[in-house]
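>>> fold the following, please.
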Amino acid sequence: MNAAEPLARRITYRDALRDALREALLRDPNVFLMGEDIGRYGGCFAVTKGLLEEFGEARIRDAPLSESAFVGAGIGAALGGMRPIVEIMTVNFSLLALDQILNTAATLCHMSGGQCSVPLVIRMATGAGRQVGAQHSHSLEGWYSHIPGLRIVTPATIDDAAGMLKAALAYRDPVIMFEHMNLYNMQGELTAPAANVDIERAIVRRAGRDVSLITYGASLFKCLSAAEQLAASGVEAEVIDLRTLRPLDQQTVTESVQRTHRAIVVDEGWRSVGIAAEISARLMEHVFYELDAPVQRVCSVEVPVPYAKHMEEAALPQVAHIISAVEAMLAHDK
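Numbering: from 1, shown residues only. This next block holds a predicted model:
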């Protein structure tokens, strides 16, 4: 390796998150973790494994089975000057703390005229594809992105898994990190830029000229795979990783569509009233006359996510669905 090249090491998404948590705990004595089974068990997805032994029970706090209680405690600790990082096992359980998140964490700064900030980070697993049934296979990022006062981030890469937590801790307002459950075992290289991840901007993961594939989270890799297969037939798709869903980086998305003149939004959430619908509306508002075809959406089928593997796969956006959408859009233009 050339000395000028950034150092990189092989790591899993899970380990990148654990390293980020460990670094935060070492850097700031006010940081502590709280959630169900995060201590002795090491977390539902083993992200916090080993941290209890290193930092002790005062900073790695196993919470009772009450999301409302421990999210509320996290809000109170944040108001008191601490920097809590709260883990909710899966996004469906966060609904049990929705009152705390929506009516307290997201509103206190506004209602106090800026006097009360809530520097709270909430981590939760999201998404489907692991045969855990309809109750544990939600993608509710769009719900939370609807709420003023929250920042919603969706790390898809190893670097973002490591760097977004550090960036989130720099904010005075609550940040929710949605980690797709299918990414925890993903391996990749952790590079030096992970130390300075920008959670203000989306990023172009692959440049292209024919169509913009706009996505986030685990769907990023389906879009990249689709783009690679399309390239074999001469179609160059640009892939945009939104990274942050609230606030959305309108500029990066708009500039991409101005280059390609076509857009397909890929979102594992349901099609109706979701992130894909929001982005479609914004493109109509901002770049309508740049579009050579109507914006298309590739989303999950509007049913509770099935348990059976073949039915679950059929219900979720897949690479073949993305390729078909691109081909249909280009055929429409001819």
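
>>> and L213, what element?
When secondary structure is defined by DSSP states H and E, L213 falls within strand 211-215.

>>> mind giving me the packing neighbours of that strand?
If contacts are counted by 3 or more Cβ pairs under 8 Å, 6 or more residues apart in numbering; DSSP states H and E, strand 211-215 sits against helix 219-231, strand 237-241, helix 250-260, strand 263-270, helix 319-333. Bear in mind the C-beta positions are built from the backbone N, C-alpha and C, glycine included.

>>> tell me which of the ones you listed lies nearest to H146.
Between H146 and these, the shortest gap by Cβ to Cβ is with strand 263-270, which sits at 11.8 Å.

>>> neighbouring strands of the closest one in the sheet, and parallel or not?
Note on strand 263-270: by DSSP bridges, its sheet partners are strand 211-215 (parallel), strand 296-300 (parallel).

>>> got the contact list for that strand?
With contacts defined as Cβ atoms under 8 Å, 6 or more residues apart in numbering, strand 263-270 is touched by 127-128, 139-142, 180, 211-219, 222-223, 256-257, 274-276, 279-280, 283, 291, 295-300, 302, 316-317, 322, 325-326, 329.

>>> also stretch 14-23?
11, 33, 45-51, 54, 85, 123, 158-159, 161-163, 165-166, 179, 184-185, 190, 194.

>>> write the PyMOL selection for whichever of these are buried.
For selection in PyMOL, the members of the contacts of stretch 14-23 meeting the burial criterion (16 or more other Cβ atoms under 10 Å) are listed in this command:
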select buried, resi 11+33+45+47+48+49+51+85+123+158+159+161+162+163+165+166+179+184+190+194
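
>>> so which of the contacts of stretch 14-23 are in helices?
When those are checked against helices using DSSP state H, the ones located there are L51, E54, I158, D159, A161, A162, G163, L165, K166.

>>> want to throw the residues you listed into JSON lines with pLDDT?
Formatted as JSON lines, the entries for the ones in helices among the contacts of stretch 14-23 read as follows, by pLDDT from 0 to 100:
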{"residue": "L51", "pLDDT": "98"}
{"residue": "E54", "pLDDT": "97"}
{"residue": "I158", "pLDDT": "95"}
{"residue": "D159", "pLDDT": "95"}
{"residue": "A161", "pLDDT": "94"}
{"residue": "A162", "pLDDT": "92"}
{"residue": "G163", "pLDDT": "94"}
{"residue": "L165", "pLDDT": "93"}
{"residue": "K166", "pLDDT": "92"}
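
>>> ok, the residue nearest the centre of the chain - contacts?
For the chain, the residue whose C-alpha lies nearest the mean C-alpha position (Cα atoms, centre = their mean) is T154; its distance is 1.5 Å. Contact partners of T154, counting by Cβ under 8 Å, 6+ apart, are E141, M177, F178, H180, Y216, G217, L242, R243, T244, L245.

>>> tell me the confidence at H332?
H332 is assigned a pLDDT of 74 by the prediction.

>>> do the same with A195
What the model reports as pLDDT for A195 is 79.

>>> S324: neighbour count?
Other residues lying near S324 total 13 when counted by other Cβ atoms under 10 Å.

>>> returning to that earlier point: taking the contacts of T154 one by one, which sit in strands?
Among these, the members falling in strands (DSSP state E) are M177, F178, H180, T244, L245.

>>> can I get the residues you listed in CSV with pLDDT and distance to A263?
Converted to CSV, the ones in strands among the contacts of T154 look like this (pLDDT from 0 to 100; distance: Cβ to Cβ, whole Å):
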residue, pLDDT, distance to A263
M177, 98, 26
F178, 98, 22
H180, 98, 22
T244, 97, 18
L245, 98, 17
